[in-house]
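Student: Provided below are the primary sequence and the corresponding predicted coordinates.
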Amino acid sequence: MKETKEDIMCETDVLMKTKDIAVVKSILLVKQKYKCLICKRDLRELPSKQVHLHHIHETGYVQGVLCANCNRYEGRVLNWFMRTGLKKTNIPIQTILKNLIVMYDKTPTNYIHPSYKTPEQKAKLKQIKSLRKRKKSSKNKSKGF
């Protein structure tokens with residue numbers, strides 16, 4: 001069941017002041033069992049500067065408490081969604097993220113992309129690149145550069 005803002009605090013909207021952040025954060029931390037809403041890390045293990053009161057920027061409504069990493073991650077995902085034009089498709093970001101999870105859980109096909117390199121191939125390419133760089137460097141030294 002999806003929580004509403006009424007489940008969290010009260011029946012009417014509360015316009016917070018900066019001084020209220022610590023109190024609201026404490027209330028929500030207890031409700032969230034001190035876990036980040038995204039990664040589920042125990043927020044009591046983090047310095048207070050790394051515990052963020054997350055809110056929806058378009059409306060100001062607080063959603064809960066996140067660790068600093070997840071707060072940044074969520075912001076980047078949302079900004080990517082807005083910048084790429086996906087918002088114009090009228091497909092909600094929640095649908096896209098759910099579909100992404102479904103895709104990651106799906107068994108892959110037996111086709112291997114042509115850009116894929118095995119770890120051995122990557123090591124060999126790195127070795128070749130290094131040799132070319134050394135050759136170029138030694139040529140420049142012999143020319144007096």
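Tutor: It's in. Just so we're clear, the structure is a prediction, and the values are computed from it rather than from any experiment.

Student: can you pull out the strands in this structure?
Tutor: 51-55, 62-67 (DSSP state E).

Student: deepest in the core, which of the ones you listed is it.
Tutor: Ranked by mean neighbour count, the strands of the chain are led by strand 62-67 with a mean of 21 (mean count of other Cβ atoms under 10 Å). Glycine gets a C-beta too; all of them are placed from N, C-alpha and C.

Student: that older thread, the strands of the chain into TSV, with extra columns for distance to residue 43 and mean pLDDT?
Tutor: Below are the strands of the chain laid out as TSV (distance: least, Cβ to Cβ, whole Å; pLDDT from 0 to 100):
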stretch	distance to residue 43	mean pLDDT
strand 51-55	5	95
strand 62-67	6	96
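
Student: nearest to residue 131, out of those strands?
Tutor: Smallest distance to residue 131 across those (Cβ to Cβ): 44.1 Å, for strand 62-67.

Student: so what does the closest one touch, helix or strand wise?
Tutor: helix 21-31, strand 51-55 (3 or more Cβ pairs under 8 Å, 6 or more residues apart in numbering; DSSP states H and E).

Student: tell me which residues in the longest one are buried?
Tutor: What that stands for is helix 21-31. 24-25, 28-29 (16 or more other Cβ atoms under 10 Å).

Student: so which of these is the closest to residue 16?
Tutor: Closest to residue 16, out of all of the buried residues of helix 21-31 and judged by Cβ to Cβ, is residue 24, at 6.2 Å.

Student: my guess is that closest one contacts residue 64. True?
Tutor: No - at 10.1 Å, residue 24 does not count as touching residue 64 under the criterion of Cβ atoms under 8 Å.
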